[in-house]
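*Asks:* here is my input; please provide its structure:
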Amino acid sequence: MRRLLVTLVAALVAMVVTATPALAHNVLTSSDPAKDAALETGPSKVTLTFDAPVQGGDVNQISVIGPGGTQWAEGEVQITSNVVSVAVRPLGPAGQYQIGYRILSADGHPVTGEIPFTLTKAGTGTPASASAASAADTARPAAESGGGVPVWVWILGAVVLLAIGLTLALRMGRDKA
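*Replies:* Next up is the predicted model:
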């Protein structure tokens, strides 16, 4: 009986230790401008770097929202492996700007996020037109489900299965004795 229990525990430990995440969502590793950066002049483009290649497609979007909800990103989103970028119009008023992004992760699920930065000196630029702004607003992260099953569900399922297996093994061992 003790041998069976030790074998089951060893098998569980081996599964947990050697398991690698499959289908992990992309993670933002850096951005230009950086999160919470204070800039005197606005960037000419926004560049986001992820830990894995980003899939192509129309779902990939970047917005740059300024004071008063104005849109400053313009043009098509460019994807080069794990780097996603978009051109930015010359910025206007000083204040808080928010980069919003939605990309198609390597595992096929959308990943969203926001990166704030501050323009410390007013520029001379004008925001994008209303039609461009409404199209780019879709890059603002919304309350999203993430698309995948949370890890804790898998862990809980494994613990329940292990408990059932252990209970059955102990009962079968008792009946033979």
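*Asks:* max-length helix in the protein?
*Replies:* The longest helix of the chain (DSSP state H) is helix 151-176.
*Asks:* buried set for that one?
*Replies:* Residues of helix 151-176 classed as buried by neighbour count (16 or more other C-beta atoms under 10 Å): none. Any C-beta I mention is one placed from the backbone N, CA and C, and that applies to glycine too.
*Asks:* adjust the sequence numbering to begin at 35 for everything that follows.
*Replies:* In the new count, where the first residue is 35, that last one comes out as helix 185-210.
*Asks:* quick check: the nearest residue to Ser64 once chain neighbours are set aside vs Val118, distance?
*Replies:* Take Ser64 and drop its neighbours on the chain: the residue closest to it by C-beta to C-beta, 6 or more residues apart in numbering is Thr83, 4.6 Å away. Distance of Thr83 to Val118, given as C-beta to C-beta, to the nearest Å: 8 Å.
*Asks:* look at these two and report which has more neighbours.
*Replies:* Remark: of Thr83 and Val118, Val118 carries more neighbours, 24 against 15, as counted by other C-beta atoms under 10 Å.
*Asks:* shaky segments in this structure?
*Replies:* 35-36, 38-40, 42, 44-57, 164-185, 209-211 (pLDDT under 70).
*Asks:* report the central residue of it.
*Replies:* Nearest to the mean C-alpha position of the chain, by C-alpha atoms, centre = their mean, lies Val145 at 3.9 Å.
*Asks:* so what's it bridging to?
*Replies:* Counting by DSSP bridges, Val145 is bridged to Ile137.
*Asks:* do the same with Gln89
*Replies:* Leu138.
*Asks:* tell me what the residue nearest to Ser64 is bridged to.
*Replies:* As for beta bridges, Thr83 partners with Ser64, Val117 under DSSP bridges.
*Asks:* and it, what is it in contact with?
*Replies:* Thr83 is in contact with 62-65, 116-117, counting by C-beta atoms under 8 Å, 6 or more residues apart in numbering.
*Asks:* who wins on neighbours among those?
*Replies:* Result: Ser65 is most packed of the contacts of Thr83 (other C-beta under 10 Å), 19 neighbours.
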